[in-house]
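> no sequence on this one, just coordinates:
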């Protein structure tokens, strides 16, 4: 899968200029440092290793928000985990994670990252899914409760065309705040779209 060349956009903020760029190669990521508050998924050094590993995948894409040589935020894309039902669909690509350091939040960086990523033409060949688990949400720093945070994410992902979809996927229904959001690319065939729709509900005993 071609992920296109790396693009760079500038975002002016009250704290200085942020560069939005990607998809980055692993070698470039390894040259940069991580903001020490990027701890939602794992410690910053381990998260940097994870970003480089994703960038090395044939389909992997990592977009970052950079202040100088420090990564202030990122968003990742890759094929779904093999244990996920979505991995059985050849057109599905997962938005695996998005994180902005608390130092840089509420400055439009998340939206800018997503818009840069979705300007890549390769996105139109895929059904993009994001599976948002509430136990990853930074409620303490945000000051939001579970469902306020869920609405914030819906607005964020909605800015690039993802919308909430109902499903009986066990990982989603495990908690009422968990959410699946989906964007179908313009080049996705009707057959692939229908196949995805049929995958949303696979438990015949599930009731809405």
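Sure thing, it's come through. None of the values given here were measured: they were computed from a predicted structure.

> residue ranges of the strands in the chain, please?
7-13, 16-22, 33-34, 61-67, 70-78, 92-100, 127-132, 163-165, 179-184 (DSSP state E).

> helix or strand with the lowest mean pLDDT in this structure?
Every helix and strand in the chain was compared by mean pLDDT, DSSP states H and E; the lowest is helix 139-142, with a mean of 78.

> give me the distance from that one to the chain's centre.
Mean-position distance between helix 139-142 and its chain equals 19 Å (Cα atoms, centre = their mean, to the nearest Å).

> residues in contact with that helix?
For helix 139-142, the external contacting residues (Cβ atoms under 8 Å, 6 or more residues apart in numbering) are 102, 105, 145-146, 149, 152. For glycine as for every other residue, the C-beta is placed from the backbone atoms N, C-alpha and C.

> quick check: which ranges of the protein have low pLDDT?
Applying pLDDT under 70 to the chain picks out residues 1-5, 204-208.

> if we can go back for a sec, turn the strands of the chain into a markdown table, columns for mean neighbour count and distance to residue 54.
Formatted as a markdown table, the strands of the chain follow (neighbours: other Cβ atoms under 10 Å; distance: least, Cβ to Cβ, whole Å):
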| stretch | mean neighbour count | distance to residue 54 |
| --- | --- | --- |
| strand 7-13 | 13 | 18 |
| strand 16-22 | 18 | 11 |
| strand 33-34 | 18 | 14 |
| strand 61-67 | 25 | 6 |
| strand 70-78 | 24 | 5 |
| strand 92-100 | 22 | 7 |
| strand 127-132 | 21 | 15 |
| strand 163-165 | 14 | 24 |
| strand 179-184 | 20 | 19 |
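
> please name the residues that touch the closest residue to residue 156 other than its chain neighbours.
Leaving aside its chain neighbours, residue 156 sits nearest to residue 110 (5.4 Å; criterion: Cβ to Cβ, 6 or more residues apart in numbering). By Cβ under 8 Å, 6+ apart, the residues touching residue 110 are 73, 98, 100, 156.

> can you put these in a markdown table and add distance to residue 84?
Putting the contacts of residue 110 into a markdown table (distance: Cβ to Cβ, whole Å) gives the following:
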| residue | distance to residue 84 |
| --- | --- |
| 73 | 25 |
| 98 | 18 |
| 100 | 25 |
| 156 | 22 |
